[in-house]
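Engineer: quick check, what structure comes out for this input:
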Amino acid sequence: MSQSQLIEFSQQDDIAILTLNRPEKRNAMSDAMRAELVEQLKRIREDRSIRALVLTGKGKGFCAGGDIAGMQQRMEADPATVGFNGWERQQGVHYAASLLLNLPIPTVAAVNGAAAGLGADLALSCDFVIAADAATFTWAYIARGLVPDGGGLYFLPRRVGLSRAKGLIFSGRRVEAEEAFALGIADQRCSGDALLSSALTMAAQMSRGSRTATALTKSILNRSYELSEQQVFAEGSKAQGICYTSREHRDSVQAFLARAKEATA
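Structural biologist: Residues are numbered from 1 along each chain as shown. Got it, this is the predicted structure:
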């Protein structure tokens, strides 16, 4: 276990587990917590022995969104500095979301409780979402005079479609686990007791194949809505060229040929 105060790191076999660790604040995302998350994600990205990531929260909440103390500081700040300071902070928010989105390994959000605002966006930054029965999702930014700033404008329409994303964001209503699964916000539901084991099972299933091929495929799929078919074909061709030279591909083909030779002997 890491000595990190706000983000706990642990590992089961080749799967990393990051746990948001401010249970007394329902894991609301402070600037310090975000900085630790970024450092952990960078560490995981560089560790080629890690094949998947599970992200979850400690206590009753997954992530309650932005930190209230930060909002209070913004209200009390010199109005002349609010705009630029806000822009600068947004760069950090988006950097963390981008790091998580673009990790070259499968990522699973194990949502144990409330995922609100930035917390809901954080969950959707992962490739897959598993919701415990107690999980809820809300995008109540507009009620606070804000736009979704943690990636929700990008991730949510891709999960539920444009019209439903507008409805969830404009209303800010709470979505329970059952509805989240029905809408496609969550890919799986389970009991709270089974959440971590279910997430680890999914992470293991999604990371069994070639790490090289998985990373390249994910990098293209993440942009497939924005690219034309010809651009996707071109990106796929370049990725396949890399795969042809990978050790995983060569080992797989040699094993296949050996089995075929034995079968005809």
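
Engineer: for residue 11, give the beta-bridge partners.
Structural biologist: residue 16 (DSSP bridges).

Engineer: ok, how many other residues are close to it?
Structural biologist: 14 (other Cβ atoms under 10 Å). To be clear about C-beta, it is placed using only N, CA and C from the backbone, and glycine gets the same treatment.

Engineer: what ranges do the helices span in the stretch 151-265 of the chain?
Structural biologist: Under the criterion DSSP state H, counting those that start in this stretch, the stretch 151-265 of the chain carries helices at the ranges 152-160, 162-171, 177-183, 195-206, 211-221, 229-244, 247-264.

Engineer: could you dump these to TSV with distance to residue 64, mean neighbour count and mean pLDDT?
Structural biologist: Formatted as TSV, the helices of the stretch 151-265 of the chain follow (distance: least, Cβ to Cβ, whole Å; neighbours: other Cβ atoms under 10 Å; pLDDT from 0 to 100):
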stretch	distance to residue 64	mean neighbour count	mean pLDDT
helix 152-160	15	19	97
helix 162-171	17	15	98
helix 177-183	17	17	98
helix 195-206	18	19	98
helix 211-221	29	17	97
helix 229-244	38	12	96
helix 247-264	41	10	89
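
Engineer: for residue 42, find the nearest of the ones you listed.
Structural biologist: Evaluated over the helices of the stretch 151-265 of the chain, closeness to residue 42 peaks at helix 211-221, with 15.8 Å, by Cβ to Cβ.

Engineer: got CSV for the helices of the stretch 151-265 of the chain, with distance to residue 140 too?
Structural biologist: Converted to CSV, those look like this (distance: least, Cβ to Cβ, whole Å):
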stretch, distance to residue 140
helix 152-160, 11
helix 162-171, 9
helix 177-183, 15
helix 195-206, 24
helix 211-221, 29
helix 229-244, 35
helix 247-264, 44
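
Engineer: what sits against residue 200?
Structural biologist: Residues near residue 200 by Cβ atoms under 8 Å, 6 or more residues apart in numbering: 12, 15, 17, 54.

Engineer: tally of neighbours for the residue lying closest to residue 5 once chain neighbours are set aside?
Structural biologist: Counting by Cβ to Cβ, 6 or more residues apart in numbering, residue 5 lies nearest to residue 21, which is 7.0 Å off, once chain neighbours are set aside. Using other Cβ under 10 Å, residue 21 has 18 neighbouring residues.

Engineer: before we move on, what about residue 111?
Structural biologist: Residue 111: 32 surrounding residues under other Cβ under 10 Å.

Engineer: need the contact list for it.
Structural biologist: 56-57, 62, 123, 129-132, 135, 137, 186.
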